[in-house]
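In: Please find the sequence and the predicted model below.
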Amino acid sequence: MMAFTTRIKSGVKPAGKHSRVLRWVLSAAFWLLVWQAAAMAVHEEILLVTPLAVARRLAQLARTETFWLTVIGSMLRILLGFLLAMALGTLLAAATSRSSICYTLFYPVISIIKATPVASFIILALVWFSSAKIPIFTSFLIAMPLFWQNVSNGIASTDRSLLEMASVYRFGRLRKLTAVYVPSVLPYFSAACSTGIGMAWKAGVAAEVLANTKLSVGGNLYDAKIYLETPDLFAWTAAIVILSVALEKGLGRLLQRRSAAGMGEAEHDSGI
């Protein structure tokens, strides 16, 4: 906000879409050249491969059926953990915001989950679950406290005057929820989704690496490290980055559309 205000005051116009794209392209080109120069300086493919070799290997992998089955398998496992975190985190936020007993009961557990390192969860999960369930469990535990915290903040920031107006006009529980609480919580919920999907993806892949899950992106990373296949290691890492960005952008656009539609419905329901 401060940077934006400073920019307006200084009279500097924000960069246009084409200008921003050009800047990103030039920035990417610069770092690819740095990577290429470093690879040529090292001159050992087992330590650092060139960007062209990584792109070539990724293209080879993308032409195989196993690659897409692996990607789909990892995405399904991690998305399942993320959706479970979204559902339980939101329900817990509603319960702890409404009941002090629920808050006293669940707050210590959520605090412990937030403070525990990801590696500890994964090692515990190795004892409790099969390797296929470990990424689901890990993604769930990483994203759930985020949803709880953000949705709780959204509920707490609900405009009291709107709540009083809803009471005056005798809104029912469902109408108060859709017309007052949902518009207030939605920006916080969207922020939790945008941040949580990236965190769940990274934690889920890390769990796949440590659990050596079959037909998984993390499992292929583990195999590439064991057999010193550096081009494969970089190619799978590039695939992880591309998928992470695609998930974040795709979910962000979906939430923007849903948020705009939800605001319209809330205004229509409230009739204020």
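Out: Done, it's in. Quick caveat: nothing in here was measured; it's all calculated off a predicted structure.

In: Low-confidence stretches in this protein?
Out: Scanning the chain for pLDDT under 70 picks out the ranges 1-15, 258-272.

In: who's sitting farthest from the centroid in it?
Out: Most distant residue from the mean C-alpha position of the chain: residue 168, 39.8 Å away (C-alpha atoms, centre = their mean).

In: Could I get the full set of helices for this structure?
Out: 2-10, 17-42, 51-62, 65-98, 100-115, 118-128, 134-156, 160-168, 173-176, 182-211, 217-226, 230-270 (DSSP state H).

In: phi, psi of residue 172?
Out: phi -70, psi 170 (degrees, to the nearest 10).

In: How much space separates it from residue 95?
Out: Remark: distance between residue 172 and residue 95 (C-beta to C-beta, to the nearest Å) = 20 Å. In short, each C-beta sits where N, CA and C put it, glycine included.

In: ok, these two, which is more surrounded?
Out: Taking neighbours as other C-beta atoms under 10 Å, residue 172 and residue 95 compare with residue 95 leading, 15 against 9.

In: now that one: how far from residue 176?
Out: Taken as C-beta to C-beta, the span from residue 95 to residue 176 is 17 Å.

In: can you check residue 144 too?
Out: 26 Å.

In: Between these two, which is the more surrounded one?
Out: Set residue 144 next to residue 176 and count neighbours by other C-beta under 10 Å: residue 144 wins out with 26 against 20.

In: okay but that one is in contact with residue 113, surely?
Out: Yes. Between residue 144 and residue 113 there is a contact under C-beta atoms under 8 Å: 7.1 Å.

In: sorry, back to before: from the helices of the chain, which stretch is densest packed?
Out: helix 134-156 (a mean of 24; mean count of other C-beta atoms under 10 Å).

In: helices and strands around that helix, which ones?
Out: Contacts defined by 3 or more C-beta pairs under 8 Å, 6 or more residues apart in numbering; DSSP states H and E place helix 134-156 against helix 65-98, helix 100-115, helix 118-128, helix 182-211.

In: Contact partners for the residue nearest to residue 233 when sequence neighbours are not counted?
Out: In space, and not counting its chain neighbours, residue 233 is closest to residue 224: 4.1 Å by C-beta to C-beta, 6 or more residues apart in numbering. Counting by C-beta atoms under 8 Å, 6 or more residues apart in numbering, residue 224 touches 230, 232, 233, 236.

In: Which one of these is nearest to residue 109?
Out: Using C-beta to C-beta, residue 236 comes nearest to residue 109 of the contacts of residue 224, at 34.8 Å.

In: can you tell me which residues contact residue 194?
Out: 248, 251, 252, 255.

In: no, scratch that, I was asking about residue 234
Out: Counting by C-beta under 8 Å, 6+ apart, residue 234 has contacts 49, 53, 54, 57.

In: and what of residue 48?
Out: 38, 39, 42, 230.
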